[in-house]
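> Quick one, fold the following:
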Amino acid sequence: MTRFRLMKVSRLQGSAVAVVLLLCSVLLPRVALCGDSKADKEPVKLEQLAPRQKPGRDWIEKMSSAMQNLTYTGTFVYMHDDDVEAMRIYHSKMDGIEHERLVSLNGEAREIIRNADSVVCIWPGSKSVIVSKTQPRTPFPQFDPEQLSLLELFYEFRKVGSARVAGRPVKVIDITPLDSYRYGYRLWVDASTFLLLRSAMSDSKGKIIEQVMFTNIKYPQNIPLEMFNASISGKKHEWLTDSSLTLPVAPKVNADIPGVDQMSLPGGFELVSDKVTPVAGTEFTVRRQMYSDGLASLSVFIANAQDQSSGGILHGASSMGAVHAFGVQHDKWHATVVGEVPHVTVKMLAESLLFAAR
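Model prediction:
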């Protein structure tokens, strides 16, 4: 699902280009958190660790399945900085296809509809509709069961107790990073259905950065398919699609944008995407290389330093909630590292980054 933070991008300090880059990057895995992380001087490396099974992993596996396969509807709140946003969610899996619809209950009106083929984001206020084939995640975290063994190299999974959320008994799971380059998570999982009912994300000092929590939840046997239709027709809205927002090949003038040659990535992060796209609303293009450890994600945006819109491009640090960015320039190329990771992580990556020779 498109992140709610898309509506908060204007709060960032920096240029229009930097804001656009950050907006693109916040389609990252969202979650919860908790527990102090260990302030290691160096990132945890793969060769330093051995796999281990910890209590709590079985709950994560069941939770991942429940979030994809259960039929449910409810209301949840998303709390970050000084803001509280409320959303209504409808979710079901019919004939093997996952359907989801989210409707804002406060602030700017918006709807987000997701299925196997596309994500449709409707903004009645600005009379715009964005249709994408990208399948970003829901507000709550999702885990790939096949990646849990790898995640256990860099996070500790622990079942820490019981509680209640939305009137239902839950089990509480902590996911604690083994270095200071990732956030920690606390998850409240429905004790009967295994659906994630609350999540919280915290920094290395244990300070909660943001939370998502159901205030009510129901598990109907089915939800009529029409409930996954938008409440407005969108006929008078401006429609934008992947083809109008991105290009499969960059214009020749920027076809030589270099990629990352070297960077001090914490262990577990792997390159998962590498593409060149135009910056919406400008004539400029940017190369985006996205990395993930299976839970946290970050992106490196590389552009010609002369490709500026009003205000120039980001130099130094910027942040918005859990998302941090850091911009650096080497010769004629500028790089912005953005991610839902601590400030120390994006700063380290940006300052260690070397571009591939062209």
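
> Next one: the residue nearest to Gln262 when sequence neighbours are not counted from Arg287, what distance?
Among residues not flanking Gln262 along the chain, Leu354 sits closest, at 4.3 Å (Cβ to Cβ, 6 or more residues apart in numbering). Yep, even glycine has a C-beta here, placed from its N, CA and C like the rest. Using Cβ to Cβ, to the nearest Å, Leu354 is found at 15 Å from Arg287.

> Isn't Ser65 up against Leu196?
No. Using Cβ atoms under 8 Å as the test, Ser65 is too far from Leu196 to be in contact (11.3 Å).

> Which one's more surrounded, the two?
Taking neighbours as other Cβ atoms under 10 Å, Ser65 and Leu196 compare with Leu196 leading, 28 against 14.

> ok, the closest residue to Tyr155 other than its chain neighbours - how many residues close by?
Nearest-residue entry for Tyr155: Ile175, 5.0 Å, with adjacent residues in sequence omitted and distances by Cβ to Cβ, 6+ apart. By other Cβ under 10 Å, 30 other residues sit near Ile175.

> Please apply the same query to Met67.
Neighbours around Met67, by other Cβ under 10 Å: 21.

> check which helix or strand covers it.
Assigned by DSSP states H and E, Met67 belongs to helix 57-69.

> Which strands or helices does that helix pack on?
helix 148-151, strand 155-165, strand 168-177, strand 184-190, strand 196-202 (3 or more Cβ pairs under 8 Å, 6 or more residues apart in numbering; DSSP states H and E).

> so how far is Thr277 from Gly294?
Gly294 is 24 Å from Thr277, by Cβ to Cβ.

> more neighbours, the two?
More neighbours surround Gly294 than the other of Gly294 and Thr277, with 21 against 17 (other Cβ under 10 Å).

> how far away is the more buried one from Ala86?
From Gly294 over to Ala86 (counting by Cβ to Cβ), the distance is 30 Å.

> all strands of the stretch 201-350 of the chain, in order?
208-218, 238-241, 260-262, 270-278, 285-292, 297-304, 316-320, 323-330, 333-339 (DSSP state E, counting those that start in this stretch).

> Taking strand 297-304 as reference, get the angle to the last one.
If I follow you right, that is strand 333-339. 160 degrees (axes from the mean of the first three to the mean of the last three Cα atoms, to 10 degrees).

> how much distance is there from strand 333-339 to the middle of the chain?
How far strand 333-339 lies from its chain's middle: 17 Å, per Cα atoms, centre = their mean, to the nearest Å.

> that older thread, what about the residue nearest to Gln262, how many neighbours?
12.

> do the same with His99
Going by other Cβ under 10 Å, the residues that sit close to His99 add up to 19.

> ok, now Lys332?
Based on other Cβ under 10 Å, the number of other residues close to Lys332 is 10.

> OK, contacts around the closest residue to Val103 other than its chain neighbours?
Nearest residue to Val103, sequence neighbours excluded (Cβ to Cβ, 6+ apart): Arg88, at 4.5 Å. Neighbouring residues of Arg88 by Cβ atoms under 8 Å, 6 or more residues apart in numbering: 73-75, 102-103, 105.

> Now name the helix or strand holding Arg88.
Assigned by DSSP H and E, Arg88 falls in strand 83-94.

> Export the helix or strand following that strand to CSV, keeping only CA atoms.
Per DSSP H and E, the first helix or strand lying C-terminal to strand 83-94 is strand 97-104. C-alpha atoms of strand 97-104 as CSV (Å, rounded to 0.1, in the frame of the first residue of the first chain):
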residue,chain,number,x,y,z
ILE,A,97,-6.3,-13.3,-5.5
GLU,A,98,-5.7,-10.9,-2.6
HIS,A,99,-7.9,-7.8,-2.4
GLU,A,100,-7.5,-4.8,-0.2
ARG,A,101,-9.1,-1.4,0.2
LEU,A,102,-8.2,1.3,2.6
VAL,A,103,-10.2,4.5,3.2
SER,A,104,-9.0,7.5,5.2
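
> pLDDT averaged over strand 97-104, what's the number?
For strand 97-104, mean pLDDT rounds to 90.

> what's next to that strand, contact-wise?
1, 68, 85-93, 110-116, 138-139, 225, 227-231.

> go on, stretch 65-74?
Contacts of stretch 65-74 (Cβ under 8 Å, 6+ apart): 88-93, 98, 138, 140, 142, 145, 166, 190, 193-196, 214-223.

> circling back: which residues does the residue nearest to Gln262 contact?
With Cβ under 8 Å, 6+ apart, Leu354 has these contacts: 260-263, 330.

> do the same with Asn304
254, 257, 284, 332-334.

> Let's see that with 10 Å instead.
253-254, 256-257, 284-286, 313, 332-334 (Cβ atoms under 10 Å, 6 or more residues apart in numbering).

> per-residue pLDDT, it?
84.

> What's the local residue count around the closest residue to Gly167 other than its chain neighbours?
Counting by Cβ to Cβ, 6+ apart, Asn216 is the residue found nearest to Gly167 once chain neighbours are left out, at 7.6 Å. Residues near Asn216, counting by other Cβ under 10 Å, number 12.

> With that, I have no additional questions.
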